[in-house]
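Q: Just a sequence and a predicted model for now, questions to come.
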Amino acid sequence: MIKKYYLLSPGPTPVPENVLSAAANPIIHHRTPEFSDIFMEVTEGLKYVFETEQDVFVLTSSGTGAMEAAVCSTLNPGEKVITLSGGKFGERWGQICRSYGAEVREVILEWGEPFSKDQLAEELKANPETKAVFATLSETSSGTVYDIQGFGEVLAKSDAILVVDGISGLGATPCPVDGWKVDVMVAGSQKSFMIPPGLAYLSFSPKAWDLVEKSTLPKFYFDAKKYKKNLEKRTTPYTPAVSLIIQQKKALDIIKSVGLEKLFEHHRILGDATRAGVKAIGLELLSKSPGNILTAVKVPAGIDGLKLVKTMQGKYMAYIAGGQDPYKGKIFRIAHLGYMGGFDIITALTALEMTLSELGFDFERGSAVGAAEAILKENWE
Ligand SMILES: *Cc1c(COP(=O)(O)O)cnc(C)c1O
C-alpha cells in the first residue's frame with residue numbers, strides 16, 4: 001500500500017493547501033511598503049485571535065523564544081515569581097525563570113490535575129512579594145486546560161502580572177486576553193495558527209508594559225521594547241521569516257472567515273468525538289480537566305505504550321504523539337488542533353483500533369469509531 005502520512009500531533013499541525021503554496025512564491029524584501037502592508041495585516045489578525053487591543057509582536061523563533069522574551073523583558077534580577085508546573089511546559093517556565101536568576105516558587109501539580117483560583121490566591125498570600133505568575137492555558141503534555149479566567153481575576157487584584165503560555169491553546173479554546181486580564185500572552189505558529197513552525201507571538205497589557213519599561217535583566221534579540229519601536233515603523237527589528245508571515249496572512253484569512261466562536265465550537269466537537277471514541281473502548285483520559293486541543297489517553301494495562309505509538313506512527317503513519325518524561329510509554333496523545341477535520345479523528349481512532357487489536361487488547365472492534373462518528377454526525381453542519 002502507499003503509505004500516506006497523517007499528521008495528528010499537537011504541533012506541528014497540518015497546514016491548509018493554499019497556505020502551503022503561499023510559501024512557494026518568490027521572496028519579497030522585508031524593508032518595503034509591500035511587505036509592511038502584509039505584516040501589519042498579520043499583526044491586526046493576531047490581535048483578533050488574541051482578543052486584545054494591545055500590540056501583538058511577531059518573533060522569528062519557536063514558541064519557547066516568546067516564553068523567554070516574556071521573562072527577560074519583564075523581570076529584574078532576583079525577583080520572586082510563581083510558576084505553575086503541571087507538565088512539561090509549565091516546568092519550562094520554571095527553567096527559563098531560573099536561567100535568568102529569578103527566585104522561583106514552583107507549584108508542582110500532578111499531571112492532569114486542575115489548579116483553582118482559590119489555590120492561586122493562597123499561594124499569592126503566602127508569597128506576597130511575587131512579581132509575576134507564569135501559567136499555561138493548555139498544557140500540551142497532559143491535555144489539560146487551566147482556569148486562566150480565574151487566575152486573571154486573582155492577579156488583577158494584586159501588583160503581580162499573569163503571564164500565560166497559550167502556545168497550543170490560543171485560537172482553539174477561549175482565552176480573551178483583555179477580557180480575562182492576561183498581562184503577557186505567548187503563542188506559537190505551528191499549533192492552532194495553521195502555519196509551519198518558526199514564528200512566535202507575544203502581547204503585553206499596560207500593567208505588564210510598565211514592568212518592561214523598568215526591567216533590567218540582560219536581553220538583546222528578545223527585548224520586547226525593540227519590537228514595539230519597530231512595530232510603530234510597520235516592521236520588525238531583525239529580518240523576519242518573510243514566507244511564514246505571508247503564510248500567516250493566508251491562514252488568518254481562513255481563521256477570520258470561520259470566526260473565533262465557530263473555531264472554538266469546531267475544536268469542542270472534535271474533542272468530544274475523540275473522548276467519546278477512546279472511552280467507548282474502555283480507555284481513560286489522563287486529565288481531570290481535558291481541553292479540546294488534544295486528548296491524552298492512558299495506555300491500558302498489559303499494553304506496551306511505546307509499541308503502541310511506534311505502531312501507529314511507523315506502520316500506519318498516523319503521527320499521534322506519545323507521552324513525555326514521566327508519562328513516556330504510559331499515555332498517548334491524539335491532537336484535534338488547528339487545520340483538522342472530523343475525519344482526522346476517524347483516521348486516528350481507526351489506526352488506534354487496528355493497533356490495539358494487533359497488540360492484543362480486548363475490545364469491541366469499531367466501537368471507538370462508532371462513538372466518534374455519532375458525535376460528528378450529530379454536530380455536523
Ligand atoms: C509546543 C508548546 C511549547 C513549545 O513551543 P516550541 O515552539 O517547541 O518552542 C510550549 N508550550 C506549549 C503549551 C506548547 O504546546
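A: Thanks, I have the structure now. Numbers count the residues shown, from 1 in each chain.
Q: What residue spans form the domains of the chain?
A: 6-12+259-379, 17-257 (automatic domain parsing).
Q: Make a markdown table from those domains and add mean neighbour count to it.
A: All C-beta spots, glycine's among them, are computed from the backbone N, C-alpha and C. Shown next, in a markdown table, are these (neighbours: other Cβ atoms under 10 Å):
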| stretch | mean neighbour count |
| --- | --- |
| domain 6-12+259-379 | 20 |
| domain 17-257 | 20 |
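Q: what's the spacing between the nearest residue to residue 281 once chain neighbours are set aside and residue 302?
A: Ranked by Cβ to Cβ, 6 or more residues apart in numbering and with sequence neighbours excluded, the top spatial neighbour of residue 281 is residue 363, at 4.2 Å. Counting by Cβ to Cβ, to the nearest Å, the gap from residue 363 to residue 302 is 12 Å.
Q: For this structure, list the residues in contact with the ligand, please.
A: Proximity of the chain to the ligand is confined to 11, 62-64, 89, 136, 138, 140, 165, 167-168, 188, 191 under the rule Cβ under 6 Å from any ligand atom.
Q: From these, which land in helices?
A: 63-64, 89 (DSSP state H).
Q: got a markdown table for those residues, with distance to residue 77 and pLDDT too?
A: As requested, these are arranged in a markdown table below (distance: Cβ to Cβ, whole Å; pLDDT from 0 to 100):
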| residue | distance to residue 77 | pLDDT |
| --- | --- | --- |
| 63 | 25 | 98 |
| 64 | 21 | 98 |
| 89 | 24 | 98 |
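Q: in this structure, which spans are strands?
A: 6-7, 56-60, 80-85, 103-108, 132-136, 138-139, 144-145, 161-165, 184-188, 199-204, 294-298, 318-319, 321-322, 331-335 (DSSP state E).
Q: can you list these in CSV and add mean pLDDT and distance to residue 218?
A: Converted to CSV, the strands of the chain look like this (pLDDT from 0 to 100; distance: least, Cβ to Cβ, whole Å):
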stretch, mean pLDDT, distance to residue 218
strand 6-7, 98, 38
strand 56-60, 98, 17
strand 80-85, 98, 17
strand 103-108, 98, 17
strand 132-136, 98, 17
strand 138-139, 98, 29
strand 144-145, 98, 33
strand 161-165, 98, 19
strand 184-188, 98, 18
strand 199-204, 98, 18
strand 294-298, 98, 35
strand 318-319, 98, 39
strand 321-322, 98, 35
strand 331-335, 98, 36
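Q: Which one, of those, ends up nearest to residue 16?
A: Nearest to residue 16, of all the strands of the chain, is strand 6-7, at 12.5 Å by Cβ to Cβ.
Q: Packing partners of that closest one?
A: strand 318-319, helix 342-358 (3 or more Cβ pairs under 8 Å, 6 or more residues apart in numbering; DSSP states H and E).
Q: Would you reformat those as TSV and include distance to residue 156?
A: Output for the helices and strands packed on strand 6-7, formatted as TSV (distance: least, Cβ to Cβ, whole Å):
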stretch	distance to residue 156
strand 318-319	40
helix 342-358	37
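Q: ok, the closest residue to residue 299 other than its chain neighbours - contacts?
A: Once flanking residues are discounted, residue 299 sits nearest to residue 305: 3.6 Å by Cβ to Cβ, 6+ apart. Taking Cβ atoms under 8 Å, 6 or more residues apart in numbering, we find residue 305 in contact with 299, 322-323, 328-332.
Q: Residue 189 now?
A: Contacts of residue 189 (Cβ under 8 Å, 6+ apart): 195-201, 244, 248.
Q: quick one, phi/psi of it?
A: Phi and psi for residue 189, reported as degrees, to the nearest 10, are phi -70, psi -30.
Q: One more: residue 110?
A: phi -60, psi 140.
Q: ok, residue 59 touching residue 224?
A: No - assessed by Cβ atoms under 8 Å, residue 59 is found out of contact with residue 224, at 9.4 Å.
Q: Which residues are in contact with each of those two?
A: 69, 202.
Q: Centre-most residue in this protein?
A: Note on the chain: the residue nearest the mean C-alpha position is residue 168, at 1.0 Å, using Cα atoms, centre = their mean.
Q: so what's that residue up against?
A: By Cβ under 8 Å, 6+ apart, the neighbours of residue 168 are 10-11, 137-138, 140, 188, 191-192, 293-294, 337.
Q: how does it look with 10 Å?
A: If a contact means Cβ atoms under 10 Å, 6 or more residues apart in numbering, then residue 168 has 10-11, 13, 63, 89, 136-141, 143, 145, 187-188, 190-192, 291, 293-294, 335, 337-338 as its contacts.
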